[in-house]
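In: Pasting a predicted model and its sequence here:
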Amino acid sequence: MKKLILLLVLLSSSAQAEIYDINEFSLENYRGKVVYLDFWASWCKPCQKSFPWMNDLKSKFPAEYFDVVTINLDENSQDMHDFLQKVPAEFDIYHDANGQAAQTFKVEGMPMSYLIDRDGKIQSRHIGFYEKKKAELEKEIEGLL
Amino acid sequence: MKKTINAMLLLMVMVMMSACSSLGVKPWERGSLSRDDMLMDADALDLAFDEHIYFSKEASSGGQGFAGGGCGCN
């Protein structure tokens, strides 16, 4: 029984988000994969709405070829942790308190996402999250795979 | 004396060169601004009044923490 509980705990924790510091972020880590890169913050309502979809997205495509990577822009990391308690995430998260990555990627709105191809080139940029655009984005990802 | 003035002028120009280039809040820096206690809603009645004037002048509403906004339905 104890083993079963342990197994369940292990299984349930495996799908949780890994949180890294922004200094560990490099697109090199995801070379060879199509990446959906998303910038978000805990105070941003549309970002919250995009979370279930990003979780779906990650499980929809094979992990060898596709990944969802997000960058959190909360100045205070506690805000991020509180948010993640309420809204589950199953993808990698990099915490960028100073917005250095946001500056590099020239983020123009929140949330903002980038589709990056296997060679690490940005193929498209999307400002905001719209329910209507989900299908279009999924098609775009399929095209890049 | 003249040298000092020149140097000061140069310094002033240098300082002013940046002008308004560093003004403005970046999209990812709006965390504090979006907090509930940052809303201009100290007095609900006052807010409703302001919103009414804004709506009659601009034919749009919302964006001030007042319920509803931009849908053209009120």
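Out: Received the coordinates, thanks. This is a predicted model, so every value here is computed, not measured. Residues are numbered from 1 along each chain as shown, chains lettered A, B, ... in the order given.
In: The chain: helices as residue ranges?
Out: Looking at chain A here, since you left the chain open. Taking DSSP state H as the test, the helices found in chain A are A:2-14, A:45-60, A:77-86, A:100-104, A:134-144.
In: right idea, wrong chain: chain B
Out: Per DSSP H, chain B carries helices over the ranges B:2-17, B:44-58.
In: most tightly surrounded among the ones you listed?
Out: Using mean count of other CB atoms under 10 Å in any protein chain shown, the stretch among those with the greatest mean number of neighbours is helix B:44-58 (a mean of 12). (Each C-beta comes from the backbone N, C-alpha and C, glycine too.)
In: How far off centre is that one?
Out: Taking CA atoms, centre = their mean, to the nearest Å, one finds helix B:44-58 lying 18 Å from the centre of the chain it belongs to.
In: if we can go back for a sec, tabulate the helices of chain A (CSV), appending mean neighbour count and distance to chain B.
Out: Compiled in CSV, the helices of chain A are given as follows (neighbours: other CB atoms under 10 Å in any protein chain shown; distance: least, CB to the nearest CB, whole Å):
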stretch, mean neighbour count, distance to chain B
helix A:2-14, 9, 29
helix A:45-60, 17, 9
helix A:77-86, 14, 7
helix A:100-104, 15, 5
helix A:134-144, 14, 20
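In: still on that earlier bit, can I get the helices of chain B in a markdown table including distance to chain A and mean pLDDT?
Out: What follows is those, written out as a markdown table (distance: least, CB to the nearest CB, whole Å; pLDDT from 0 to 100):
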| stretch | distance to chain A | mean pLDDT |
| --- | --- | --- |
| helix B:2-17 | 21 | 90 |
| helix B:44-58 | 20 | 87 |
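In: Between those helices, which one is closest to residue A:139.
Out: Smallest distance to residue A:139 across the helices of chain B (CB to CB): 38.1 Å, for helix B:44-58.
In: CA atoms only: put that closest one into CSV for me.
Out: These are the backbone C-alpha positions of helix B:44-58, laid out as CSV (Å, rounded to 0.1, in the frame of the first residue of the first chain):
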residue,chain,number,x,y,z
ALA,B,44,-17.4,54.4,-6.2
LEU,B,45,-19.9,57.2,-6.9
ASP,B,46,-17.2,59.5,-8.1
LEU,B,47,-15.9,56.8,-10.3
ALA,B,48,-19.3,56.1,-11.8
PHE,B,49,-19.7,59.8,-12.4
ASP,B,50,-16.3,60.1,-14.1
GLU,B,51,-17.1,57.1,-16.2
HIS,B,52,-20.4,58.6,-17.3
ILE,B,53,-18.6,61.7,-18.5
TYR,B,54,-15.9,59.7,-20.2
PHE,B,55,-18.6,57.6,-22.0
SER,B,56,-20.5,60.6,-23.3
LYS,B,57,-17.3,62.2,-24.6
GLU,B,58,-15.5,59.2,-26.0
